[in-house]
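Trainee: Fold the following.
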Amino acid sequence: MSLVSAGILTSEAGLLFVLGANIGSSFIPVYAFRNDDNSKRVALFGNHLLRGVGALELVPFVPYFNNLMIELGGLLGFQLIIFHFVFNFTVAAIGLSLIKTFISWIQAFFPQQLSQASVSPKYLTKDNKFSAYGDFIKYCA
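Mentor: Below you'll find the model as predicted:
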């Protein structure tokens, strides 16, 4: 954004940088947790999927947004900030409205592996003595 404000990059290149930053920053947690179990990676992959697909879908419309920014006038760096905010807000709104669909798609790629101990019922008996509420939560988990 500062490179666009300084005139080093064009506003069109700045828009592509914003979209690329969204793809890149969503890939880092996916890569960092690649060896963890599937239950932890579902949310990370969903975030990457939404932001990546959203950014790729907007690439053909960069010239349109560039012309819109030029017509609106003002500081191009500030307009890039607004574009970045609106993009992330729109992706979040779409993601929340389609969350059940995305969860089913992602779980098809990352099936949850449940052990028998994690799905067995937990019962409280008179023999169970809990010193604090935290102990009870640890017992149930």
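Trainee: so where's the chain shaky on pLDDT?
Mentor: Within the chain, the segments meeting pLDDT under 70 span 1, 4-6, 38-39, 110-141.
Trainee: Pick out the residue nearest the middle of it.
Mentor: Centroid-nearest residue in the chain, with Cα atoms, centre = their mean: residue 47, separated by 2.5 Å.
Trainee: any idea how far residue 107 is from it?
Mentor: As judged by Cβ to Cβ, to the nearest Å, residue 47 and residue 107 stand 15 Å apart. To be clear about C-beta, it is placed using only N, CA and C from the backbone, and glycine gets the same treatment.
Trainee: tell me the contacts of the residue nearest to the residue nearest to the centre of the chain when sequence neighbours are not counted?
Mentor: Leaving aside its sequence neighbours, residue 47 sits nearest to residue 26 (Cβ to Cβ, 6 or more residues apart in numbering; 5.4 Å). Going by Cβ atoms under 8 Å, 6 or more residues apart in numbering, residue 26 touches 47, 48, 51, 52.
Trainee: What subset of the residues you listed is buried?
Mentor: Neighbour-count burial (16 or more other Cβ atoms under 10 Å) applied to these gives 47, 48, 51, 52.
Trainee: ok, the last one to residue 83 distance?
Mentor: Read it as residue 52. Relative to residue 83, and taking Cβ to Cβ, residue 52 is found at 17 Å.
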